[in-house]
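Colleague: Sequence first, then the predicted structure, then my questions.
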Amino acid sequence: MNYALASLAIPFTVALLTLLLQRRSEANPIVPAITVLATAVSLVFAGLALETQAVSGAVSHLNVGGWDSPLAIRLRLTPLKALLLGFVALIHLLTGLYAWRAKPKIARDYWPLSALLHTSLAALILSADIFNLYVTLELLSLSAVALVCLSGPKAYTPALYYLLLSLGASLCYLMGVAVIYGQYGVLDMTVLAGIMEADHSTRFALLLMTAGLMLKGALWPLHLWLPEAHTYAPTPVSALLSGLVVKGPLFILWQLWNNLAPEALAREMGPLFAAGGVVALVSGGWSAFRAPFIKTLVAYSTVAQLGYALMGLGLLLFLQERIYAVALWLFVLAHGLAKVSMFLAAGEMQTLLGSKRVTAMRGATQTIPITMSAFAIAGISLIGMPPTGGFLAKWSLLEPLFTQANHWPWASGVLLGTFVSAAYVFRAIALGFYQAPMSREPRHFDRVSQWLALLPALLVGLMAFAGQDLIAWMAGVTQT
């Protein structure tokens, strides 16, 4: 637990430190270096926590302040949580390196806000109390809204829309927490898991909390804030929003229905989640296919790709087979890396090609081949083609469905989503192989920034090479 606490404390300390170092009139040049270095150290501590938990296989608890349950603020560390701590630190490190190097320079407030976002996610992962999860959700949302605003006046309307919807979602979640506390008198998730009953009050509370979490996580059909917020945010912020921010509410939703909800209620909700996932794959993919702008295409593809997570959660609850939990978390890892790469590549294209439109990608393989490679590899992972992490996640979802004939409608939904994903990804990639316009000359050419955009795509491309071992390990850790 000590390593995990260090991984949490470091970005919090850096957030406070960078606020002190920033001057009112100008940016302090050492702030980016401090933030990136601290994120790397946080990643090391998260790795040590993962190694410790993986070796012992135990679940660690910490009661903050020394209070006993049910009054304690409890933190809980499992191997899966340790993995997610490392994943959060890794994504922040990749985006931080890009933000430090890329042109135009990111606003100076990015650095303390991104560190606060990192802190919020780490605290959310470790929390084992449904009210403390609400607190971390609020910190996460407020940090994300502030980061969206860094693009200036053009982003204020999407940010305000995001903020208002997020506040409504928070109200729903908090009302659900109040109902549960009134019913059972405790907030600790470990205690609640053993006493919750499948009655009307519990069902009502879980539905309220689910509505709030789906709105915060932009899960279909409550995704309306996401496309504009992702499109108008600065490029590194778009990467964080898609790669990490929407995964926080998804993590709570998984804990809520997989660990807390009575099995009868979970089985009732499973088909609804899975059906919503199929609709998200099709509707989000269709919107991505029709999108006129590069970042809008990538944003709508997030709506679509989250359908796989919703489908994995639904099938896990409905069929009660652990392989679907493995598919869910493999998707989270693969999607996070792929989306970081796609958004960073999209930002590079907008800067280098001087246009936000998808049609500007014409001839990109000739003018900016590294950036186009990043976009293409990440897109191939989203489709689920081998040997990427996306293929690993999708195969984990499909394989058990193929073994039983009565599951063919769900398998058909996954395959339909695959075809739609291929349509919008290959639409963009195909433009890159057209003849480039004669007058096309990339602006502000920086090869290092392009390689930083490619790096997450290379990582997701390598995931499948550890596929068998990774699936076997995750099958064990998702049970805790």
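Modeller: Ah, there it is.
Colleague: State the mean pLDDT of the helix or strand hosting A334.
Modeller: Here A334 sits within helix 323-353, counting by DSSP states H and E. When pLDDT is averaged over helix 323-353, the result is 88.
Colleague: what about it, distance to the chain center?
Modeller: 9 Å (C-alpha atoms, centre = their mean, to the nearest Å).
Colleague: heading toward the C-terminus, what's the first helix or strand past it?
Modeller: helix 364-367.
Colleague: I figured L171 was touching G212, is that so?
Modeller: Yes: if you go by C-beta atoms under 8 Å, L171 and G212 touch, sitting 7.3 Å apart. For glycine as for every other residue, the C-beta is placed from the backbone atoms N, C-alpha and C.
Colleague: the more surrounded of the two?
Modeller: Higher neighbour count among L171 and G212: G212, with 27 against 12, using other C-beta atoms under 10 Å.
Colleague: quick one: low-confidence parts of the stretch 1-150 of the chain?
Modeller: Low-confidence segments of the stretch 1-150 of the chain, defined by pLDDT under 70: 23-28, 65-66, 69-71.
Colleague: need the strands for it, in chain order.
Modeller: 60-64, 73-77 (DSSP state E, counting those that start in this stretch).
Colleague: Using CSV, please lay out these together with mean neighbour count and distance to L187.
Modeller: Below are these laid out as CSV (neighbours: other C-beta atoms under 10 Å; distance: least, C-beta to C-beta, whole Å):
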stretch, mean neighbour count, distance to L187
strand 60-64, 15, 13
strand 73-77, 22, 9
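Colleague: Any chance of CSV for those strands, columns distance to S7?
Modeller: CSV is the format used below for the strands of the stretch 1-150 of the chain (distance: least, C-beta to C-beta, whole Å):
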stretch, distance to S7
strand 60-64, 13
strand 73-77, 10
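Colleague: And A38, how far from L80?
Modeller: Distance, A38 to L80, using C-beta to C-beta, to the nearest Å: 24 Å.
Colleague: same check, this time on T359
Modeller: According to C-beta to C-beta, T359 and L80 sit 42 Å apart.
Colleague: between the two, who's got more neighbours?
Modeller: It is L80, of T359 and L80, that has more neighbours when counted by other C-beta under 10 Å, with 22 against 12.
Colleague: if you skip the residues just before and after it, what's nearest to the more buried one?
Modeller: Nearest residue to L80, sequence neighbours excluded (C-beta to C-beta, 6 or more residues apart in numbering): V477, at 4.5 Å.
Colleague: Enumerate every residue touching that neighbour.
Modeller: Neighbour list for V477: A54, T78, P79, L80, L83 [criterion: C-beta atoms under 8 Å, 6 or more residues apart in numbering].
Colleague: taking those one by one, which sit in helices?
Modeller: A54, P79, L80, L83 (DSSP state H).
Colleague: And the buried ones among those residues, selectable in PyMOL?
Modeller: Buried subset of the ones in helices among the contacts of V477, written as a PyMOL selection, criterion 16 or more other C-beta atoms under 10 Å:
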select buried, resi 79+80+83
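Colleague: Any chance of the ones in helices among the contacts of V477 in a markdown table with distance to G243 as columns?
Modeller: What follows is the ones in helices among the contacts of V477, written out as a markdown table (distance: C-beta to C-beta, whole Å):
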| residue | distance to G243 |
| --- | --- |
| A54 | 23 |
| P79 | 21 |
| L80 | 18 |
| L83 | 15 |
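Colleague: Touching, A155 and T231? I think so.
Modeller: No: the pair A155 / T231 is not scored as a contact, 9.1 Å apart, by C-beta under 8 Å.
Colleague: Need the residues touching each of those two.
Modeller: Counting by C-beta under 8 Å, 6+ apart, nothing touches both A155 and T231.
Colleague: Report the residue ranges of every domain in this protein.
Modeller: Following automatic domain parsing, one finds the domains of the chain at 1-128, 151-258, 261-480.
Colleague: so which of these comes closest to S143?
Modeller: For S143, the closest of the domains of the chain is domain 1-128, at 4.2 Å, according to C-beta to C-beta.
Colleague: gap between the two ends of the closest one?
Modeller: Taking C-alpha to C-alpha, to the nearest Å, domain 1-128 runs 14 Å from one end to the other.
Colleague: and if you look at stretch 73-87?
Modeller: Span of stretch 73-87 from end to end, C-alpha to C-alpha: 24 Å.
Colleague: and if you look at stretch 246-264?
Modeller: Stretch 246-264 has an end-to-end distance of 27 Å (criterion: C-alpha to C-alpha).
Colleague: can you list the residues that contact that stretch?
Modeller: Counting by C-beta under 8 Å, 6+ apart, 84, 120-121, 124-125, 133, 136-137, 140, 189, 192-193, 196-198, 202, 206, 209-210, 213-214, 216-219, 226, 266, 269, 273, 302, 306, 309, 313, 316-317, 320, 325, 328, 332, 336 sit against stretch 246-264.
Colleague: do the same with stretch 266-273
Modeller: Under C-beta under 8 Å, 6+ apart, the answer for stretch 266-273 is 206, 210, 257-258, 261, 310-311, 313-320.
Colleague: could you redo the last one with a cut-off of 10 Å?
Modeller: 198, 203, 206-207, 210, 214, 219, 253, 256-262, 309-320, 324, 410 (C-beta atoms under 10 Å, 6 or more residues apart in numbering).
Colleague: Now, those that are in helices?
Modeller: Per DSSP H, those map to helices at 203, 206-207, 210, 214, 253, 309-319, 324, 410.
Colleague: Pull out the buried members of these.
Modeller: In those, the ones that pass as buried (16+ other C-beta under 10 Å) are 203, 206, 210, 214, 253, 309-319, 324, 410.
Colleague: export stretch 175-194 as PDB, just CAs?
Modeller: Extracted C-alpha coordinates of stretch 175-194, given in PDB (Å, rounded to 0.1, in the frame of the first residue of the first chain):
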ATOM      1  CA  MET A 175     -28.900  10.900  -4.300                       C
ATOM      2  CA  GLY A 176     -28.200   7.200  -4.900                       C
ATOM      3  CA  VAL A 177     -25.600   7.300  -2.200                       C
ATOM      4  CA  ALA A 178     -28.100   8.900   0.200                       C
ATOM      5  CA  VAL A 179     -30.700   6.300  -0.500                       C
ATOM      6  CA  ILE A 180     -28.200   3.500   0.200                       C
ATOM      7  CA  TYR A 181     -26.900   5.100   3.400                       C
ATOM      8  CA  GLY A 182     -30.500   5.600   4.600                       C
ATOM      9  CA  GLN A 183     -31.200   1.900   3.800                       C
ATOM     10  CA  TYR A 184     -28.100   0.300   5.200                       C
ATOM     11  CA  GLY A 185     -26.400   2.900   7.400                       C
ATOM     12  CA  VAL A 186     -22.900   2.300   5.900                       C
ATOM     13  CA  LEU A 187     -20.900   3.500   2.900                       C
ATOM     14  CA  ASP A 188     -18.000   1.100   3.000                       C
ATOM     15  CA  MET A 189     -18.100  -1.000  -0.200                       C
ATOM     16  CA  THR A 190     -16.700  -4.100   1.500                       C
ATOM     17  CA  VAL A 191     -19.400  -4.000   4.100                       C
ATOM     18  CA  LEU A 192     -22.200  -3.100   1.700                       C
ATOM     19  CA  ALA A 193     -21.300  -6.100  -0.600                       C
ATOM     20  CA  GLY A 194     -22.400  -8.500   2.100                       C
END
